[in-house]
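prediction below, plus the sequence it came from.
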Amino acid sequence: MAAVVHDEQLASLEGYRGALLRPGDEGFEEARRVHNGLVDIRPALIARCAGVADVQAALAFAREGGYEVSIRGGGHNVAGTALVEGGVTIDLSGMKGIYVDPAARTVRAQGGVTWGELNRETQVHGLAVTGGMISTTGIAGLTLGGGLGWLMPKHGLAIDNLLSAEIVTADGAVVTASAEGHPDLFWALRGGGGNFGVVTSFEYRLHEVGPTITGGLVVHPFEAAGDVLRFLRDFAAKAPDELMLVGALVHAPDGSGTKVSGIAVCHCGPPEQAADDLAELLAFGSPLDVQIGPIPYEAVNAMLDDAFPAGSLNYWKSSFLRDLSDEAIDTAIERFAAAPSPMSAIAFESFHGAVARVPVDATASPHRETSFNLLTAGIWPDAEGTGENIVWAQDTYAAMAPYALERRWQSYMDEDDRSGDPVAAAFGPNAARLAEVKAVYDPTNLFRRNVNIRPAGNS
């Protein structure tokens, strides 16, 4: 029997300012939609919090009522962990406060902010911090998962720029985690996901970036994909910190289903340096289209948005590659040729520069090797294609396994990646320390709708 929240139960939430939505209420169906249209989950209650006090109250309601808890920021997580069937979803999407201190070069933003919203405010001052690859992604989930993005070769991951975080813990306490206060929790939050509480705001260090940088896409025929990816491999090996590179096997955006290959770039250095650093890329091959030049940083952060539309059905598989070998390239091309959907893609995200110079144990996220993160993104428009697209992504992941490391980017893990040992894949040598921190701040494992770290001593 589905869990139900009754009127008399809600009476205990006296003083709650946000919306409380149950199945059948106006707005519930919209509130339970997340970015991935494949996710079909119905919480018993969605608590759309207006502030920290609401988060405390909703968390107490769930804890005392024995409901499972999920936390929603931007709702982009492909596995749909923002929602919980028959439980209580603590929804931060209405908490949009942003305060930029240009003199100190810092920004504090609440948990419902997206990267596009954050960039809009920080770019007023020509400042930015490493954000996601897609502008509609929430800052909360992406940061807690590590925070890869267009600026990571120069400025590291989002977690490398996190100065503090306000968090409501499992017992309802509100604490600020930083290098000075609750340093163990601060370490765990930087890559440990939503395992430790509800983070209501984030404070980041900002850097001089933009408003105009150099970026865009170069597109080649699919027949040239092997040469393009081999060029990417060699070019990335000597790329400066200012240059982020993403290679891709994708479909043309005109809906024709035409397969193409390409490289997306973001260069955050001076224009004259960008011209020198990109000269070899711009001279390579016979591209179908070149759209690289001066561009607002905000536009770079949004240039892949259309390829990942809200409501499309998604099933992803990812892993880090040992290296982008000729065999790995050939296998990826062969698998992409069999992609059944004109929306699917295979991407190669370059990890180099500052992101790879941080010690593995400095933050909870251990992914600090110079390498490529491989993402197989199965994306399709309607339920009829679900079976064949999931099979394609699974078969592609299996085919690429011989070239992969036993390391996975946790934010890209889909629902069925919860089997096996996802904690070892996501956190590697940091897993044991994370379990110790979990035992302090969430000993009953209240926050388990995630790549779950079980508290130490709780088998």
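In hand now; what should we look at?

make it CA atoms for all contacts and neighbour counts henceforth
Noted.

pLDDT on stretch 194-209, on average?
Stretch 194-209 carries an average pLDDT of 98.

please enumerate the helices of this protein.
Along the chain, counting by DSSP state H, helices occupy 7-10, 28-31, 52-65, 115-122, 139-144, 152-155, 183-189, 225-236, 271-283, 297-302, 326-337, 386-400, 422-427, 431-441.

which among the ones you listed is found nearest to residue 406?
Relative to residue 406, the nearest member of the helices of the chain by CA to CA is helix 422-427, separated by 5.9 Å.

gap between that closest one and the chain center?
The gap between where helix 422-427 is centred and where its chain is centred comes out at 16 Å by CA atoms, centre = their mean, to the nearest Å.

let the chain start at 424 from now.
Got it, first residue is 424 now, which makes that one helix 845-850.

what comes into contact with that helix?
Outside helix 845-850, the residues within contact range by CA atoms under 8 Å, 6 or more residues apart in numbering are 615, 787-789, 829-833, 854, 874-876.

possible to save those residues as CSV with neighbour count and distance to residue 598?
Supplementary listing: the contacts of helix 845-850 in CSV, determined by neighbours: other CA atoms under 10 Å; distance: CA to CA, whole Å:
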residue, neighbour count, distance to residue 598
615, 30, 17
787, 27, 19
788, 29, 22
789, 23, 25
829, 14, 34
830, 21, 31
831, 25, 30
832, 25, 27
833, 26, 25
854, 20, 23
874, 25, 23
875, 18, 22
876, 26, 20
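
centre-most residue in this structure?
Among the residues of the chain, the smallest C-alpha distance to the mean C-alpha position (CA atoms, centre = their mean) belongs to residue 565, namely 3.8 Å.

wait, that residue touches residue 556, no?
No: under the criterion of CA atoms under 8 Å, residue 565 makes no contact with residue 556, lying 9.9 Å away.

list residues touching both of these two?
Common neighbours of residue 565 and residue 556, counting by CA under 8 Å, 6+ apart, are residue 571.

related to what we said a few turns ago, and which of the contacts of helix 845-850 is nearest residue 641?
Using CA to CA as the measure, the one of the contacts of helix 845-850 that approaches residue 641 most closely is residue 832, at 25.9 Å.

residue contacts, the closest one?
Taking CA under 8 Å, 6+ apart as the criterion, residue 832 is in contact with 568, 741, 742, 743, 790, 796, 849.

which of these fall within strands?
Within those, membership in strands is found for 741, 742, 743, 796, as judged by DSSP state E.

let me see the contact set for the third one.
Under the criterion of CA under 8 Å, 6+ apart, the contact partners of residue 743 comprise 794, 795, 796, 797, 827, 828, 829, 830, 831, 832.

okay if I get the residues you listed as TSV plus pLDDT and distance to residue 690?
Formatted as TSV, the contacts of residue 743 follow (pLDDT from 0 to 100; distance: CA to CA, whole Å):
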residue	pLDDT	distance to residue 690
794	95	19
795	97	18
796	97	19
797	97	21
827	95	28
828	93	28
829	88	30
830	90	27
831	91	26
832	91	23
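
just name the most buried of the helices of the chain.
A comparison of these by mean neighbour count, using mean count of other CA atoms under 10 Å, puts helix 562-567 on top with a mean of 27.

tell me the domain boundaries of the protein?
According to the domain assignment given by automatic domain parsing, the chain is divided into the following structural domains: 430-514, 521-632, 635-840.

out of those domains, which one sits most buried?
Ranked by mean neighbour count, these are led by domain 521-632 with a mean of 22 (mean count of other CA under 10 Å).

now find how far off-centre it is within its chain.
12 Å.

need the distance between the two termini of that domain.
Between the opening and closing residues of domain 521-632 we find a distance of 18 Å, counting by CA to CA, to the nearest Å.

out of the ones in strands among the contacts of residue 832, flag the one nearest to residue 627.
For the ones in strands among the contacts of residue 832, the residue nearest residue 627 by CA to CA is residue 796; the value is 24.5 Å.

so how far is residue 833 from that closest one?
Using CA to CA, one gets 12 Å for the distance from residue 796 to residue 833.

likewise for residue 506?
Counting by CA to CA, the separation of residue 506 from residue 833 is 17 Å.

before we move on, back to that, which ones are touching the residue nearest to the centre of the chain?
Taking CA under 8 Å, 6+ apart as the contact definition, residue 565 lies against 554, 555, 571, 834.

ok, the second one touching residue 540?
No: contact between residue 555 and residue 540 fails when scored by CA under 8 Å: they sit 11.9 Å apart.

picking up where we left off before, would CSV of the contacts of residue 743 with distance to residue 704 be doable?
As requested, the contacts of residue 743 are arranged in CSV below (distance: CA to CA, whole Å):
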residue, distance to residue 704
794, 19
795, 18
796, 21
797, 21
827, 26
828, 28
829, 31
830, 29
831, 29
832, 28
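
low-confidence bits of the stretch 474-623 of the chain, can you list those?
For the stretch 474-623 of the chain, not a single residue meets the criterion pLDDT under 70.

could I get the domains of the chain as a markdown table with distance to residue 870?
Putting the domains of the chain into a markdown table (distance: least, CA to CA, whole Å) gives the following:
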| stretch | distance to residue 870 |
| --- | --- |
| domain 430-514 | 6 |
| domain 521-632 | 5 |
| domain 635-840 | 16 |
